[in-house]
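[1] how would this look folded up:
(one chain, ligands or ions: 1)
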Amino acid sequence: MTLYLKYRPQRVSDLDLPEVKEALAKYLTAKSLPHAWLFTGPRGTGKTSSARILAKSVNCTGHKAKEAGNFEPCNECGMCEEITAGTAIDVVEIDAASNRGIDEIRELKERINLAPMKAKSKVYIIDEVHMLTTEAANALLKTLEEPPANTYFVLCTTEADKLLETVVSRCTRVNFRKPKVEETVSSLKRVVEGEKGKATAAGLEMVAKAARGSFRDATKILEQVILSHKEVTEEAVREAVAMSVGADPVKLLEFVETGETKKALELVTELDVKGVNLRRFVEALVEQLRERLLEMKEDKGTILKLIFGLDKAYEQMKSAVVAQLPLEIWVIENSNQKPTTASVKQATNANLPTANKTEAPPAPAAKVEKEEVKPVNDNPSGKGMYALSDLEVKWGDIMKLVRPKNHSVEALLRSTRPIEFDGERLILEVFYKFHKDKLETDKCRQIVEMAVAEAFSVDTIKLNLKLGQGQKKGKEEVTAANVGDDIVKAAEAIFGVGVV
Ligand SMILES: [Zn+2]
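    Below is the predicted model:
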């Protein structure tokens, strides 16, 4: 049994959220108990646990059950035990998310007027009730309008605003919310004590923060540490969190902030190889940075820049041709490397938040070309009419033409370097084989070729790609500054020896 199930609250007083505890106690001691309940709030905050406690409270046959003012289930009688085990025939749990509840609601309608088989009252717990089909929701509404005696409904949902207003208005609503860190910590303490484990206060706090307001997730993280027979310390929790997201986000941040770009990129590649959910990993990275931001001990400009960059990468990942590319670009853009002449020049002009460390300014933002895209001439074939230097001038415009068509192609282009151009044939150097493979697909190639053709008002452009050999650039070649981005330079610095 998982620790979450083992330590699931079994009575009202076990519940973690004080206002939920109070609300249930108030209604359970009132003269008449509402027949329809609506439990709303984020996942993992105790809605289903509370629904089961309610079911036990109305059905408990323990000796204290009849005492005035007592509403807690005894958790010892047959009824309580069956409900805890999920085998009570009169307590029906329906997961509306699994098949949108069609069969279950039909069955519910057929059997609703039958008396309970064994228990005093029938209790229907409907999870994710917003997922019901319209037909099922309407059937449910009919039932809620005239609930039979001895029948209770507990509707649970994470998205109350998706429910029919008529359903909501029939229910007594209890709002669940994400617990505060100290509330999660106190529920974790119960688990640690029960398991006779050891924990430091800082370790438990770290678990609570990593779980981001879900008791369930917090218990899962704790379980990983406890099962490996370790004391719950910050170090052990960090390892457990790293395992759950596939790698250690703190490590990647360290590599980026100390300028170990190559190691950082290797870690990203490793994530991809391991099949880690990259968006989930980025969420963990942002969470780390958010923690540091709220501590207000460091320069906030630097942290904000990292967060905004990740935010952008997170969005781009949704449609990226190469899933890890946005994260790689973030690494390259934010690695604190030794400044190049070009980037220093740009950094002094740019009003970017900079780190206090003078030897390591953040990469400057891309220079935006202000020049409008205008046809240069009417010649349909541009062969021999242009040179590489013309392309450099237009490179920013080309990016602007590509961006609305597909921003991951733009991102790919940013990690290339134009090395030859004659008005008809364009050769780009790429630094990764899989970037080359991607750009060579018909879809990507067409986008690039059409953008370049449009920028020069010519009929066709033929794109060729060359895998980078990492040769040093001469002064006459494309420089970071006039390409409008220093990523090329950064990439060259990192992959100086050539990457296959
Ligand atoms: Zn009982």
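[2] ranges for the strands of the protein?
    Ranges of strands in the chain, per DSSP state E, are 36-40, 91-95, 122-127, 151-157, 172-175, 416-421, 425-430, 462-467.
[3] roughly how far apart are residue 395 and residue 210?
    Look at residue 395 and residue 210: by CB to CB, to the nearest Å, they are 43 Å apart. From N, CA and C alone the C-beta is placed, and that goes for glycine too.
[4] returning to that earlier point: columns distance to the ion, mean pLDDT and mean neighbour count on top of the strands of the chain, output as JSON lines?
    Rendered in JSON lines, the data for the strands of the chain read as follows (distance: least, CB to the ion, whole Å; pLDDT from 0 to 100; neighbours: other CB atoms under 10 Å):
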{"stretch": "strand 36-40", "distance to the ion": "20", "mean pLDDT": "96", "mean neighbour count": "24"}
{"stretch": "strand 91-95", "distance to the ion": "13", "mean pLDDT": "90", "mean neighbour count": "20"}
{"stretch": "strand 122-127", "distance to the ion": "14", "mean pLDDT": "94", "mean neighbour count": "24"}
{"stretch": "strand 151-157", "distance to the ion": "16", "mean pLDDT": "95", "mean neighbour count": "24"}
{"stretch": "strand 172-175", "distance to the ion": "22", "mean pLDDT": "96", "mean neighbour count": "16"}
{"stretch": "strand 416-421", "distance to the ion": "70", "mean pLDDT": "85", "mean neighbour count": "20"}
{"stretch": "strand 425-430", "distance to the ion": "69", "mean pLDDT": "88", "mean neighbour count": "20"}
{"stretch": "strand 462-467", "distance to the ion": "72", "mean pLDDT": "88", "mean neighbour count": "15"}
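[5] a markdown table please, covering those strands and showing distance to residue 454.
    Shown next, in a markdown table, are the strands of the chain (distance: least, CB to CB, whole Å):
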| stretch | distance to residue 454 |
| --- | --- |
| strand 36-40 | 52 |
| strand 91-95 | 53 |
| strand 122-127 | 53 |
| strand 151-157 | 50 |
| strand 172-175 | 55 |
| strand 416-421 | 15 |
| strand 425-430 | 13 |
| strand 462-467 | 14 |
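[6] the residue lying closest to residue 142 once chain neighbours are set aside - how many residues pack around it?
    Excluding the flanking residues, the one nearest residue 142 by CB to CB, 6 or more residues apart in numbering is residue 109, at 7.8 Å. Neighbourhood size, residue 109 [other CB atoms under 10 Å]: 14.
[7] surely residue 109 touches residue 144?
    No - using CB atoms under 8 Å as the test, residue 109 is too far from residue 144 to be in contact (11.8 Å).
[8] and the helices in the stretch 401-500 of the chain?
    According to DSSP state H, counting those that start in this stretch, the stretch 401-500 of the chain carries its helices in the segments 407-414, 433-439, 442-456, 480-483, 487-494.
[9] and the contacts of the longest one?
    Residues lying outside helix 442-456 but in contact with it, judged by CB atoms under 8 Å, 6 or more residues apart in numbering, are 321, 373, 376, 382, 386, 390-391, 394, 397-398, 401-402, 405-406, 409, 412-413, 423, 426, 438-439, 459-463.
[10] quick check: residues of the stretch 1-150 of the chain near the ion?
    60, 62, 73, 74, 77, 80 (CB under 5 Å from the ion).
[11] lowest-confidence one in these?
    Within the set of these, pLDDT is lowest for residue 62 (86).
[12] now do the same contact list for the closest residue to it other than its chain neighbours.
    Leaving aside its sequence neighbours, residue 62 sits nearest to residue 74 (CB to CB, 6+ apart; 2.9 Å). Going by CB under 8 Å, 6+ apart, residue 74 touches 60, 62, 63, 64, 65, 80.
[13] does the fourth one touch residue 70 like I think?
    Meaning residue 64. Yes - with contact defined as CB under 8 Å, residue 64 counts as touching residue 70 (5.1 Å).
[14] give me the distance between the residue nearest to residue 426 when sequence neighbours are not counted and residue 440.
    Spatially, and ignoring its direct neighbours in sequence, residue 426 is nearest to residue 463 (5.3 Å; CB to CB, 6+ apart). Taking CB to CB as the measure, residue 463 and residue 440 are separated by 9 Å.
[15] and residue 307, by the same measure?
    Relative to residue 440, residue 307 is positioned 34 Å away (CB to CB).
[16] residue 141 too?
    57 Å.
[17] low-scoring stretches of the stretch 401-500 of the chain, by residue?
    Flagging of the stretch 401-500 of the chain using pLDDT under 70 yields the residue ranges 469-500.
[18] same deal with the stretch 201-350 of the chain?
    Residues of the stretch 201-350 of the chain meeting the criterion pLDDT under 70: 337-350.
[19] next up, the contacts around the closest residue to the ion within it.
    When scored by CB to the ion, the stretch 201-350 of the chain has residue 215 as its residue closest to the ion, at 23.8 Å. If you count contacts by CB under 8 Å, 6+ apart, residue 215 has them with 4, 16, 44, 45, 46, 179, 184, 187.
[20] mind listing what the fifth one touches?
    By that I understand residue 46. Contacts for residue 46 (CB under 8 Å, 6+ apart) come out as 9, 15, 16, 17, 20, 176, 215.
[21] what is the neighbour count of the closest residue to the ion within the stretch 401-500 of the chain?
    At 58.6 Å from the ion, residue 408 is the closest residue in the stretch 401-500 of the chain, using CB to the ion. A count of nearby residues for residue 408, using other CB under 10 Å, gives 20.
[22] from residue 271, how far off is it?
    18 Å.
[23] and this protein, what are its domains?
    3-175, 181-245, 249-334, 388-494 (automatic domain parsing).
[24] so what's the nearest residue to residue 441 once chain neighbours are set aside up against?
    Residue nearest to residue 441 in three dimensions, not counting chain neighbours: residue 321, with 7.9 Å by CB to CB, 6+ apart. Neighbour list for residue 321: 406, 408, 409, 412, 438, 441, 444 [criterion: CB under 8 Å, 6+ apart].
[25] just residue 245 next, same as before
    276, 277, 280, 281, 284.
[26] look up how far residue 106 lies from it.
    Relative to residue 106, residue 245 is positioned 41 Å away (CB to CB).
[27] again with residue 8
    Here the criterion is CB to CB. By it, residue 8 lies 30 Å from residue 106.
[28] those two - which one has more neighbours?
    Of the pair residue 8 and residue 106, residue 8 is the one with more neighbours under other CB under 10 Å, namely 19 against 13.
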